[in-house]
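> Have a look; sequence and predicted model below, questions after that.
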Amino acid sequence: MVTRTNRLKNFKTEGNPGSGLPVQALAEDHVGTYILPFPCERINGEWRNGTTGETVQASIIGWREFGAGSRDPLPLLSSRAK
């Protein structure tokens, strides 16, 4: 089982990605830490699902660009019209 500290090593915890840049997000709740199974974007100060545009209902503690330290990078998806 991967510890919180080990997971955070692979994610940025300071600052935010550029608006509209799809990233992998590391979330945390009462169970532990987990990578969200969909691309996320930081738009107007909110984390959003990069596929549906819905606001993410989780505490995001880190983020990274796709392929940065990931064994299974998610594809870059953003089906919303810009």
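Thanks, I have the structure now.
> okay, CA-based contacts and neighbour counts for the rest of this
Fine.
> where's I61, which helix or strand?
strand 59-64 (DSSP states H and E).
> what does that strand contact?
Applying CA atoms under 8 Å, 6 or more residues apart in numbering, the contact partners of strand 59-64 are 8, 10-14, 16-17, 23-29, 47.
> could you redo the last one with a cut-off of 6 Å?
F11, K12, T13, V23, Q24, A25, L26, A27, E28 (CA atoms under 6 Å, 6 or more residues apart in numbering).
> Just the buried residues of the residues you listed.
The neighbour-count test (16 or more other CA atoms under 10 Å) marks F11, K12, V23, Q24, A25, L26, A27, E28 as buried among the contacts of strand 59-64.
> Just flag the most distant two among the residues you listed.
Across the buried ones among the contacts of strand 59-64, no pair lies farther apart than V23 and E28, at 16.1 Å, counting by CA to CA.
> Go ahead and report the secondary structure state at the residue nearest to the spatial centre of the chain.
Computing the C-alpha centroid of the chain and ranking residues by CA atoms, centre = their mean puts A25 first, at 1.4 Å. At A25, secondary structure determined by DSSP: H, G, I helix; E, B strand; the rest coil is strand.
> For the residue lying closest to it once chain neighbours are set aside, name its beta-bridge partners.
Of all residues not flanking A25 in the chain, W63 sits nearest, at 4.4 Å (CA to CA, 6 or more residues apart in numbering). Per DSSP bridges, the residues bridged to W63 are K12, A25.
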